[in-house]
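Return atomic coordinates for the entry below.
(2 chains)
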Protein chains: 2
Amino acid sequence: MFDPVEKLKEFVSHASVSTDPAFAAGMRDAQTFVSDLLASIGFEVEVVKTKLHPIVLASRGTDASWPHVIIYGHYDVQPADPLELWESPAFAPEVRGDRIYGRGTADNKGPLMTHIAAVGRLLEQEPDLPLRITFMLEGEEEMGSPSFPRFLADYRERLQAADFVFLSDTGIPSPDQVVITCGLRGLVLCEVEVTTAKSDLHSGLHGGVLRNPIQALSELCASLHGPDGRVNIPGFYDDVLEVEEWEKTELKKLGGDDAAYQKFLGVPAFYTPQGFSPLEAIRFMPTLEFNGIGGGYQGAGSKTVIPSRAFVKISCRLVANQDPVKIRQLLYQTIRKRMPADVNFKIHDDHDGQPYVVVPPDRANTPPNQSPVLAAAFRAADQAIGDVFGNPPLYLREGGSVPIIAQIKQTLGLDSVMFGLFLPEDNLHAPNESFDLRVMERGMRVSEQVLRSLAGC
Amino acid sequence: MFDPVEKLKEFVSHASVSTDPAFAAGMRDAQTFVSDLLASIGFEVEVVKTKLHPIVLASRGTDASWPHVIIYGHYDVQPADPLELWESPAFAPEVRGDRIYGRGTADNKGPLMTHIAAVGRLLEQEPDLPLRITFMLEGEEEMGSPSFPRFLADYRERLQAADFVFLSDTGIPSPDQVVITCGLRGLVLCEVEVTTAKSDLHSGLHGGVLRNPIQALSELCASLHGPDGRVNIPGFYDDVLEVEEWEKTELKKLGGDDAAYQKFLGVPAFYTPQGFSPLEAIRFMPTLEFNGIGGGYQGAGSKTVIPSRAFVKISCRLVANQDPVKIRQLLYQTIRKRMPADVNFKIHDDHDGQPYVVVPPDRANTPPNQSPVLAAAFRAADQAIGDVFGNPPLYLREGGSVPIIAQIKQTLGLDSVMFGLFLPEDNLHAPNESFDLRVMERGMRVSEQVLRSLAGC
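A predicted model of the protein is given here:
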């Protein structure tokens, strides 16, 4: 068997920044590296071309009666700048203490290597393991996975026969407490642009006769939340389900500390929808946020102009059972209804994403209608994590969105078991990203035990 | 006597852009040119150094018993770009038809030359004219006259003995209808900056627990106008005086066309404070405008961030009898009261300016308490404008602010007779600025007649 840490160092040394064409060689090398590594442990590797960065599809096991797990990961990484803030070079990985430092060590090359090494170790011991495994590794995750939906549609026939998706691309609170993420928020994005006069106007000569676009936009934005902190769009919460008791219990086990969270954010006070604590609100409730606003003079000092244009970028995070298409419609209706007739405006569409939720077996009051292999995988993960990490996992929804998880569910009908491995101190997307090697070793043991259990040996 | 149009061409050819250090030579040449010209018609010229561009102070007449008029003007001009939009070069003035084209032809070199030529012609005929005339010409008007208050304070002793200020740096609606501007709005400027978290946050991971600074700012901005279109700050209108009947009558004579004004602005509808037509609102009512707003991501597409900071630039235009210090206080109190406790904020002061009003004699119900020379100047201007332009002037307030007029009133105690000469089509501050030579010729005759009348000959 290969040395997982040495292989991870090699993987990280290929600077695979997907968004920057200057890193084309690093992308190619990282993809070749991981393809070769999978071939070396007995996988049949197909490199699927896309418009940009190829997807690696590597399979072992051909017996259709065997359980079939897809392991998802991505071989691309975030840009590494600002480079001067790195203590060791981003693409010359270095082990210091129990950690390996370098861009992509945690997101996602380390967790991906955890699974590859687990599979390698397992197949070395059980070459005839009765389990179909397909690695599905993309190179565009850090740019929003633009080629992924098309790939899923093209490979639907072949992939939808699998039982579930297994991945490690989510976080955990501490090295002793794993979280299996079982919900992700959806997204609806748009931009509202208000225009008034033909050009910017002198605020003295014309001030007092027309509505300033910043005023119109402010009035709209101010109307989108009520005094109770909830989103003030009729129908916005209609499809939000009551939070089940087990989820609240699970969240309590996390033992979150509001004061510490407030300190981490650096805010004078929390602002949550009525009836929800901060840690509940980010997991269980949809939001409407303003991501950016602009209009008029933004330089130093003053310019007494009435701008002719202002815009705001709006995003909604949606929870399980909310439909992005419907929410977009409600949002647009509200904007159209509230915008005064004395300004012109346009709403520019941006992308959206479905929320996702998967209910682990043995938790919900109403047992979820799910495949026995998925249920077995959840149970196996629960057992293995308890054995290896010393505590059973918590099953929590997360506030973020991983659109591919909902896309996989929509296109292939497959649920995901999201076995978290990042720690808060891993510095994802930031300088000095690192990955805890003890977590990696534990993760390998969990992955191996889960796969072994699914294979029934 | 010199040829006024030839001299104006020479004046305009000196590219005196005060804001741009690259035009230092043009500034120096324009100042020297106008100083020499005034010396050539018998003025004693003093070039008063300031921190930036000098002020030209040129006097004739020493008998303290004579009436004393200060003629104000400025020899600096706005930048000329975008240069490619000029039909003839900005600083190579060209006469086409009845107009002279070039940067500064209208603002303010043409109107200033009108007065210099009138004085030159008058003194040629009446070398012993019993009238003290002081030209007070600055070179920083287009940058907000930063050196002017200091200059006024330093020269107070010498200047406050004058009777009034005569100037042409305001507009008229048509070549047959002159306006004497008798009111200017004041100003209060500030910036409100809202900060929340320590840094920009991921809108998925943390969305729903803190108030977005754009939301806080929108709620503030939206609260600053009422549904009646009035500024919603307690006490804001307390010192606004009732508009006098004569002012309304005067404005009616202007015969403004709302439909044409709306078309000019290009707005779907007007938005005015209840009880005021658009043309009344810009002259008689104070305003609160948003000059700029910014925060978060403003680039193309989307970035699902919760910004940590947002700001808005606010300006109020004030009318006669409102005090900028008091209005600033009311505005700040309101902001402080309305800002929620879950965000941090700062209010950054910017400059302010007093509103200005002068009441022409024989109009108001209560005759203004003003010097006989000022009253005589108004009457002389009324007569001369009627004689030369075919219609007596209208006495109107303007929506804009010319802070130096209020500063002169405050520091020297002097009122101004603002004899307008720009036409709407003169393109001030824009490419292809021009000045109507027929208006210039008429203006010279008015100026000459007014000065002759004041001298009693």
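
Where does the residue of the stretch 51-200 of chain A found nearest chain B sit: helix, strand or coil?
Taking C-beta to the nearest C-beta, chain B has its nearest neighbour within the stretch 51-200 of chain A at residue A:198, 3.4 Å off. Where you see a C-beta, it was placed from the backbone N, CA and C, and this is true even at glycine. Following DSSP: H, G, I helix; E, B strand; the rest coil, the label given to residue A:198 is coil.

gap between the two ends of stretch A:297-315?
For stretch A:297-315, the first-to-last residue distance is 25 Å (C-alpha to C-alpha, to the nearest Å).

That one vs chain B: in contact?
Yes: counting by C-beta under 8 Å from any C-beta of the partner chain, chain B is contacted by stretch A:297-315 at A:297-298, A:301-307, A:310-313, A:315.

List the buried residues for that stretch?
A:297-298, A:302-315 (16 or more other C-beta atoms under 10 Å in any protein chain shown).

mind checking how far it is from the chain centre?
In this view, stretch A:297-315 has its centroid 33 Å away from the chain centroid, taken as C-alpha atoms, centre = their mean, to the nearest Å.

Give the rounded mean pLDDT of that stretch.
Mean pLDDT, stretch A:297-315: 93.

Please tell me how far the closest residue in space to residue A:80 that isn't next to it in sequence sits from residue A:240.
Once flanking residues are discounted, residue A:80 sits nearest to residue A:90: 3.6 Å by C-beta to C-beta, 6 or more residues apart in numbering or on different chains. Per C-beta to C-beta, to the nearest Å, residue A:90 is found 41 Å from residue A:240.

How about the secondary structure of the residue nearest to residue A:80?
Classified using three-state DSSP, residue A:90 is coil.

okay, among the buried residues of stretch A:297-315, which ones form the most distant pair?
A:304 and A:315 (32.7 Å; C-beta to C-beta).

if you look at stretch A:339-359, does any of it touch chain B?
Yes: on the criterion C-beta under 8 Å from any C-beta, stretch A:339-359 is in touch with chain B at A:340, A:341, A:342, A:343, A:344, A:350, A:351.

What segments of the stretch 251-400 of chain A are helices?
A:258-265, A:278-284, A:324-338, A:372-389 (DSSP state H, counting those that start in this stretch).

tell me the most buried of these?
helix A:278-284 (a mean of 22; mean count of other C-beta atoms under 10 Å in any protein chain shown).

Can you spell out which helices and strands pack onto it?
Contact here means 3 or more C-beta pairs under 8 Å, 6 or more residues apart in numbering or on different chains; DSSP states H and E; on that basis helix A:278-284 packs against helix A:245-254, helix A:258-265, strand A:394-397.

will you turn the ones you listed into JSON lines that also has distance to residue B:103?
JSON lines is the format used below for the helices and strands packed on helix A:278-284 (distance: least, C-beta to C-beta, whole Å):
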{"stretch": "helix A:245-254", "distance to residue B:103": "67"}
{"stretch": "helix A:258-265", "distance to residue B:103": "52"}
{"stretch": "strand A:394-397", "distance to residue B:103": "63"}
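
Residue B:247: which of the ones you listed is closest?
Between the helices and strands packed on helix A:278-284, helix A:258-265 lies closest to residue B:247; by C-beta to C-beta that is 54.9 Å.

Any residue of the closest one touching chain B?
Yes: Helix A:258-265 comes into contact with chain B (C-beta under 8 Å from any C-beta), by way of A:261, A:265.

Mind listing residues that contact that helix?
For helix A:258-265, contacts defined as C-beta atoms under 8 Å, 6 or more residues apart in numbering or on different chains pick out A:269, A:270, A:277, A:278, A:279, B:197, B:198, B:201, B:206, B:209, B:210.

Quick one, grab the pLDDT at the fourth one.
Going back to what we said before, that points to residue A:278. 95.

Skipping its backbone neighbours, what lies nearest it in space?
In space, and not counting its chain neighbours, residue A:278 is closest to residue B:209: 4.1 Å by C-beta to C-beta, 6+ apart.

Can you point out the buried residues in stretch A:188-207?
A:188-197, A:200-201, A:203-207.

And the residues of stretch A:339-359 next to chain B, which is closest to chain B?
residue A:342 (3.9 Å).

which residue is nearest the centroid of chain A?
residue A:402 (3.1 Å; C-alpha atoms, centre = their mean).

so who does that residue touch?
A:169, A:170, A:184, A:356.

didn't the last one look like it was pressed against residue A:186?
Yes: here residue A:356 reaches residue A:186: they are 7.4 Å apart, a contact under C-beta atoms under 8 Å.

And those two? Which one has more around it.
residue A:356 (28 against 24; other C-beta atoms under 10 Å in any protein chain shown).

Test of understanding: give the bridge partners of that one.
residue A:184 (DSSP bridges).

returning to what we had before: quick one: which of residue A:90 and residue A:240 has more around it?
Set residue A:90 next to residue A:240 and count neighbours by other C-beta under 10 Å: residue A:90 wins out with 24 against 15.

Relative to residue B:428, which of the helices and strands packed on helix A:278-284 is closest?
That would be helix A:258-265 among these, by C-beta to C-beta, at 49.6 Å.

Send me the closest one as PDB with only the CA atoms.
Extracted in PDB, the C-alpha atoms of helix A:258-265 (Å, rounded to 0.1, in the frame of the first residue of the first chain):
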ATOM      1  CA  ASP A 258     -23.800  31.600  21.700                       C
ATOM      2  CA  ALA A 259     -21.400  34.000  23.400                       C
ATOM      3  CA  ALA A 260     -18.400  32.400  21.700                       C
ATOM      4  CA  TYR A 261     -20.200  32.500  18.400                       C
ATOM      5  CA  GLN A 262     -21.000  36.200  18.800                       C
ATOM      6  CA  LYS A 263     -17.400  36.900  19.700                       C
ATOM      7  CA  PHE A 264     -16.200  34.900  16.600                       C
ATOM      8  CA  LEU A 265     -18.600  37.000  14.400                       C
END
